[in-house]
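Visitor: compute the structure for the input listed below.
(chains A and B)
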Amino acid sequence: MNVKSAEHDEHAAGFVRRYIFSVDHKVIAKQYMALSAVMALIGGGSSYLIRWQLAWPETSIPGWGPIGPDNYNALITLHGTVMVFFVAMPFLLGGFGNYLIPLMVGADDMAFPRLNAMSFWTLFAASAVLIASFFVPNGPAAAGWTSYVPLSDKAVYTGVTWGQNLWILAVALEFASFLMGGVNFLVTGLNLRARGLTLMRLPMLVWMEMTAAVVFLLSVGPLVAGAIMLLLDRVAGTSFFQPDRGGDPILWEHLFWFFGHPEVYVVALPGFGIILEVIPVFTRKPIFGYSMIVYSTLAAGLLSFIVWAHHMFVSGMDPRLASPFSITTIMISVPFAIIVFAMIASLWKGAINLASPMLFALGGLATFIIGGVTGIFLGSAASDIYMHGTYFVVAHFHYTLFPVLFFGGFAGMYFWFPKMFGRMMNEALGKIHFWVSFIAFNGVFIPLFLVGIGGSPRRIYELSSYEMLKPLQPFHVIATVFAIILLLGQIPFIVNFFYSMVRGPVAEKNPWHANTLEWTVSSPPKHPNFSPPPRVYRDPYEYSVPGAAHDWIAQNELDQQGAQAAGR
Amino acid sequence: MIASLFPQSVSTFGGEIDHVFWMIFYIVGFFFIVAEALLVYFAIRYRRGAQTRAFYNRGNTRREAAWVLVPALIVLCFDLGIDSAGHRAWQLVKGTPPPSQVEVKVTAKQFNWNFTYPDAAGKLDSSNNVTLENELHVPVGKVVRLTLSSEDVIHSFWVPNLRLKQDVVPGRKIIAWFEATKPGRYEIACSELCGFGHYSMRGEVIVHTPDDYGKWRAENLDNKSASN
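Guide: Numbering: from 1, shown residues only, chains lettered A, B, ... in the order given. Below is the predicted model:
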């Protein structure tokens, strides 16, 4: 196919072909990351406004001004939409998936490089549409990132017209983008593997990205249909979701959460993948129970399709459905317990180096445990009667997504930065970044668990409307102070990132003494990645093998055993 | 500390829901403490010294895997325990409601709760019905049956003290019930984003003693429906 000709074009072409409309997976990965960074500024900025409003509702927000309830609803809608669809997915899948899958499987590029570029530019268009929705008359979407109908279905309920239509369009384009990306991940991971790289020798990140891709591909279809139905309701006069004309609001909840729950795993699994890549390198020992983790991941992926109605226990659906969905939901704790226990077991008797990537990986693991266990309170239909729709939910899902997106993402950033940019990052700044973020993150969301236990509904512009919520106000103040610290805590990273990119010590090929194939090529890798194509002789995490000369053996390193297996 | 944050439970089933909460709390609290303690202990205990080499084990023999699989099996057992306790509490609250002694129709609309009481003949759809805005008056110790519907978008009827939450969906009539155990005033919140005024969609449940309720009925319901 035209991979080869595309490569030739690439070399001959100038700046635009090479850096803007490139088909090189490494350039596209960086484009995804840059886009997600820009969107993270919007998502993070919105959290500042939301938090300030909740802590000091009477005051004007410094650097912005006062916000009203309509602005507030738009901000929470924006925050959720941006963070899940335009930061987490582009960063963890688009960024790390694109950069690492071909390098880790020993391929020169994605299976479909042009589709890859198209996937990114579709996401770029989606982001542009979402940002544009802020500047249309009658304001941006304000029906929550879940866009429950009929609130989002009829303009009269929110007063929002084109803002909501553009939101639907942006999200639909985002889905289209990741559908293309998902196909690419899957085909590349399965078909372009180097000789000798069997499935059970794949680095965990590749497993996780592929599982995430499959889960996304199989779950998003119904919501794409739902989005089109919603758009038709709004612009073409249909009534799929309007009860007065025969539609059903609860149908939207089913379509949304049939996708929405698996989506959590689409984001979480790549974050786990990064943590699982970092742990063996910084403990100098193999991942404990590789195959157990693979099977648990697949089991969690499968189970994620039959748990969605736990978001709907009190929605008015048939109450007899609650217990079956409680059972499947709580059952998901088993594969995740296996993965978490295996990660902890991987630390046992290691030679642990608490460098920045490892600190972030362990921070992600430590906080994800809280996200996992608090999920049980919501998965059990009985206690969900109380907790549903409260701040407990807000705290819970931040404790599941933040560990994978933030701690997992930064673990990956500090770990692969030398590969991506050919220079090392500063350790001291990395450690400051970690500790400030770790303390501040817990400082934000532990108080919000307590606000939820106090019974406070979420998405409330001003707590003082309720007598019962007034005593909870101090928790919001604590959360906001830590949220501001958390945002400021990113400055050391930004400084470190740009400074290290130009002034950091030059990185060798394999600065961490890691085994997987991306560390066998130069930093940064040339185009094409591998010449000649690599050959794999062993498992990815063979660290501290007794009797070996070093405490690491690269996957492509030939030894006695490997030579025999290769038939030489 | 955590227990004191919960609003006082004043419904017959509130204790059951709280019981499930605390059961989960102690179970997951145990796993949380063990997992975090091991994580921190290992990270400190096995920090790389001068020239130590890690212990090579892959966790792929049955003996080794048991270190992970047996705890996971224990997790599964606790899961089933939680499922079973949760099912009983859920059935009590959301299963077939007990025979009711007081009926009220609840109509949610942006951004109000309307409570409609039956007329003297017990009918809810006659022209003599009395409708109150944002105030639900009920007697203590009687089963109250609510028929919830919405005129516009999805709202959620949430009374923390009663441990009762139920979405109110346009196009549907959803039944909920409770029996209050203590007279007093308890706030109703909307807990599903319903638009501009969602944050202030506040109501109150006023639980009367039997005597007070009789008086309140005589003054507010019987008079008005008779005079209509």
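Visitor: so what's the residue of chain B found nearest chain A closest to, chain neighbours aside?
Guide: The minimum distance from chain B to chain A, using Cβ to the nearest Cβ, falls at residue B:171 (2.4 Å). Just so you know, the C-beta spots here come from the backbone N, C-alpha and C atoms, and that holds for glycine as well. Nearest residue to residue B:171, sequence neighbours excluded (Cβ to Cβ, 6 or more residues apart in numbering or on different chains): residue A:243, at 2.4 Å.
Visitor: give me the number of residues near that neighbour?
Guide: 19 (other Cβ atoms under 10 Å in any protein chain shown).
Visitor: mind listing what it touches?
Guide: Residues in contact with residue A:243 (Cβ atoms under 8 Å, 6 or more residues apart in numbering or on different chains) are A:150, A:249, B:169-172.
Visitor: which of the residues you listed fall in helices?
Guide: residue A:249 (DSSP state H).
Visitor: switch the contacts of residue A:243 over to TSV; also include distance to residue A:558 and neighbour count.
Guide: Listed next are the contacts of residue A:243 as TSV, based on distance: Cβ to Cβ, whole Å; neighbours: other Cβ atoms under 10 Å in any protein chain shown:
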residue	distance to residue A:558	neighbour count
A:150	65	26
A:249	63	25
B:169	65	27
B:170	69	22
B:171	69	18
B:172	68	17
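Visitor: the contacts of residue A:243 in strands, which ones?
Guide: Of the contacts of residue A:243, none are assigned to strands by DSSP state E.
Visitor: point out where the stretch 301-450 of chain A drops to low pLDDT.
Guide: Judged by pLDDT under 70, the stretch 301-450 of chain A has no weakly predicted residues.
Visitor: quick revisit: I figured the residue of chain B closest to chain A hits residue A:241, correct?
Guide: No - using Cβ atoms under 8 Å, residue B:171 is not in contact with residue A:241, being 9.8 Å away.
Visitor: related to what we said a few turns ago, show me what contacts the residue of chain B closest to chain A?
Guide: Residue B:171 is in contact with A:243-244, A:247-249, counting by Cβ under 8 Å, 6+ apart.
Visitor: quick check, nearest of those residues to chain B?
Guide: Nearest to chain B among the contacts of residue B:171 is residue A:243, at 2.4 Å by Cβ to the nearest Cβ.
Visitor: before we move on, the earlier item: residue B:169 versus the residue nearest to residue B:171, what's the distance?
Guide: Using Cβ to Cβ, to the nearest Å, residue A:243 is found at 8 Å from residue B:169.
Visitor: give the residues shared as contacts by those two.
Guide: What both residue A:243 and residue B:169 touch, as defined by Cβ under 8 Å, 6+ apart, is the set residue A:249.
Visitor: how close does the residue nearest to residue A:64 when sequence neighbours are not counted sit to chain B?
Guide: Nearest non-adjacent residue to residue A:64, counting by Cβ to Cβ, 6+ apart: residue A:49, 6.0 Å away. Using Cβ to the nearest Cβ, to the nearest Å, we find residue A:49 at a distance of 16 Å from chain B.
Visitor: burial measure for residue B:48, as a count.
Guide: Around residue B:48 there are 16 residues (other Cβ under 10 Å).
Visitor: surely it and residue A:352 touch.
Guide: Yes - between residue B:48 and residue A:352 there is a contact at 5.8 Å, judged by Cβ under 8 Å.
Visitor: pLDDT on the host helix or strand of residue B:79, on average?
Guide: Residue B:79 belongs to helix B:62-94 when assigned by DSSP states H and E. Average pLDDT, helix B:62-94: 96.
Visitor: for that helix, which residues meet the burial criterion?
Guide: B:64-65, B:67-69, B:71-72, B:75, B:78-79, B:82-83, B:85-87, B:89-94 (16 or more other Cβ atoms under 10 Å in any protein chain shown).
Visitor: same check on stretch A:273-284?
Guide: Buried, per 16+ other Cβ under 10 Å, within stretch A:273-284: A:273-284.
Visitor: what does stretch A:127-146 give?
Guide: The neighbour-count check on stretch A:127-146 (16+ other Cβ under 10 Å) flags A:127, A:129-131, A:133, A:139-146 as buried.
Visitor: if we can go back for a sec, distance of the residue nearest to residue B:171 from residue B:151?
Guide: Using Cβ to Cβ, residue A:243 is found at 10 Å from residue B:151.
Visitor: what do these two both touch?
Guide: Contacts common to residue A:243 and residue B:151, judged by Cβ under 8 Å, 6+ apart, are residue B:170.
Visitor: these two touch, right, residue A:209 and residue A:268?
Guide: No - if you go by Cβ under 8 Å, residue A:209 and residue A:268 don't touch, sitting 11.9 Å apart.
Visitor: in terms of packing, which of those two has more residues around it?
Guide: Applying other Cβ under 10 Å to residue A:209 and residue A:268 shows that residue A:209 carries more neighbours, namely 30 against 25.
Visitor: who touches that one in this structure?
Guide: By Cβ under 8 Å, 6+ apart, the neighbours of residue A:209 are A:93, A:96-97, A:100-101, A:185, A:189, A:269-270, A:273.
Visitor: what's the answer for residue B:84, then?
Guide: Residue B:84 neighbours (Cβ under 8 Å, 6+ apart): none.
Visitor: what segments of the stretch 101-250 of chain A are helices?
Guide: A:113-132, A:155-158, A:162-191, A:204-235, A:249-283 (DSSP state H, counting those that start in this stretch).
Visitor: residues contacting residue 197?
Guide: You didn't pick a chain, so chain A it is. A:105-106, A:517, A:536, A:555.
Visitor: my question was about chain B, not that one.
Guide: Counted by Cβ under 8 Å, 6+ apart, residue B:197 has contacts A:69, B:110-111.
Visitor: from those, which single one is nearest residue B:6?
Guide: Distances from residue B:6 to these, taken as Cβ to Cβ, are shortest for residue B:111 (26.4 Å).
Visitor: which residue, other than its chain neighbours, is closest to the closest one?
Guide: Nearest one to residue B:111, counting by Cβ to Cβ, 6+ apart, is residue B:197 at 3.4 Å.
Visitor: what about the helix or strand harbouring residue A:45, distance to the chain center?
Guide: Using DSSP H and E, residue A:45 sits in helix A:25-55. The chain centre lies 12 Å from the centre of helix A:25-55; the measure is Cα atoms, centre = their mean, to the nearest Å.
Visitor: the helix or strand that it is followed by and chain B in contact?
Guide: Next in sequence after helix A:25-55, counting helices and strands by DSSP H and E, comes helix A:69-81. Yes - against chain B, helix A:69-81 shows contacts by Cβ under 8 Å from any Cβ of the partner chain at A:69-70, A:72-73.
Visitor: for helix A:69-81, give me every contacting residue.
Guide: With Cβ under 8 Å, 6+ apart as the criterion, helix A:69-81 contacts A:42-43, A:46-47, A:49-50, A:53, A:67, A:130, A:134, A:139-147, A:158-159, A:163, A:167, A:170-171, A:459, A:461-462, B:193, B:195-199.
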